[in-house]
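Participant: Structure for the following, please:
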Amino acid sequence: MQTSRKGIAIAGNIIVDIVNIIDKYPDKNMLANISASTPAVGGCVSNTIIDIAKIDPDMHLTAIGKVGNDDNGKFVVSQMEKYGIDTSCIIKDNSSQTACTYVMSEKTSGERTFFYAGGANNSFTAEDVNIDALDCKIFHAGYILLLDGLDAPDAEYGTKMAKLLHDVAEKGIKTSIDVVSEDGDRFREKVIPALKQVDYAIMNEIECCKVSGLEPRNPDGSINTENIKKTMELFFEYGVREKVIIHCAEAGYSLGKDGNFVAVPSLKLPKGYIKGSVGAGDAYCAASLYGIYKGYDDTRILEFASAAAACNLSVADSISGMRTKDEVMKLCELYERQTL
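Facilitator: Numbering: from 1, shown residues only. Sure thing, here's the model as predicted:
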């Protein structure tokens, strides 16, 4: 086991979002006009790792994944390299295109529709990760349910993702996961095997409760804290070793292996502050990972993560709202917190 490991590695989805501004969403067989088309980074790896780099430019960060040998791949890798992130573990695949989400955003309403092409993400497998060469204290993987190669079954560990996490942990590296939100019944099948192999699980209230089968919200739409806590306790029964962090619009929750449960309400943001929510979950995850790495206590982790998510909400894209750690914490002084 190496004792000099440093930094955080983020592995999994690398996506380019092509944001198209359209006049209206068309009926079937009809036409809509695109007035602007802009590329932006997306996916767990790109969003989360750039956020951490902006929080702390001195952090040692490694991006792991697969892109196509195409313009979109060059774009997303160059965006990470701009922040000093090590991209040497990103594979350039000549046989597939970089994963892409075509975002259709209506000019007047702001409502968005998404069309996703998995591309190189679909063929990213455990064999693409050189575990022996990893130089990190924390290995974070996401998104489960959006990585065909790693979501595939494994006879011994349940999924290929679970086996990868097991093998990484065997090297003395802390492991962590995030999940993508989707409709369907795959959560228990794909997420539970991974929970058996991780130190940290970070996701939103919808995703965690898709695993437990409990309702994350009350009939009036308010958050059901009791069910969130029960779900977090269940995650430890499944095998999580150290900490579960769940976030939602109203609050963040942390449960440690010692049974310490903490809830921190979200910041009360002024009217007009929120410009978009793309990447808010990744921002929360990035700040949580940073807080864990730096040894913050549970309350400070959640305070810091909620402020980081608030930074993200101030802009329309997924990364440009993030600030340095000191600037992030200033938001905690600037705004009050909601009441749970």
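Participant: Report the contact partners of Ala11.
Facilitator: By C-beta atoms under 8 Å, 6 or more residues apart in numbering, the contact set of Ala11 is 45, 63-65, 129, 139-141. For the C-beta atoms, the positions are set from N, CA and C on the backbone; glycine is no exception.
Participant: ranking these by neighbours, who comes first?
Facilitator: Val45 (34 neighbours; other C-beta atoms under 10 Å).
Participant: Can you tell me the element it falls in?
Facilitator: helix 43-55 (DSSP states H and E).
Participant: same check, this time on Ile301
Facilitator: Applying DSSP H and E, one finds Ile301 within helix 298-313.
Participant: Quick one: mean pLDDT over the helix or strand just after that helix.
Facilitator: Toward the C-terminus, helix 298-313 is succeeded by helix 325-334 as the next helix or strand (DSSP H and E). Averaged over helix 325-334, pLDDT sits at 95.
Participant: same thing with stretch 178-192?
Facilitator: 92.
Participant: and the residue nearest the centre of the chain, what does it touch?
Facilitator: Nearest to the mean C-alpha position of the chain, by C-alpha atoms, centre = their mean, lies Asp282 at 3.8 Å. By C-beta under 8 Å, 6+ apart, the contact set of Asp282 is 44, 47-48, 51, 178, 312, 318.
Participant: JSON lines please, covering the residues you listed and showing distance to Leu150.
Facilitator: Listed next are those as JSON lines, based on distance: C-beta to C-beta, whole Å:
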{"residue": "Cys44", "distance to Leu150": "12"}
{"residue": "Asn47", "distance to Leu150": "18"}
{"residue": "Thr48", "distance to Leu150": "16"}
{"residue": "Asp51", "distance to Leu150": "22"}
{"residue": "Asp178", "distance to Leu150": "13"}
{"residue": "Asn312", "distance to Leu150": "26"}
{"residue": "Ser318", "distance to Leu150": "22"}
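Participant: Tabulate those residues (TSV), appending neighbour count.
Facilitator: TSV is the format used below for the contacts of Asp282 (neighbours: other C-beta atoms under 10 Å):
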residue	neighbour count
Cys44	30
Asn47	31
Thr48	32
Asp51	30
Asp178	26
Asn312	29
Ser318	27
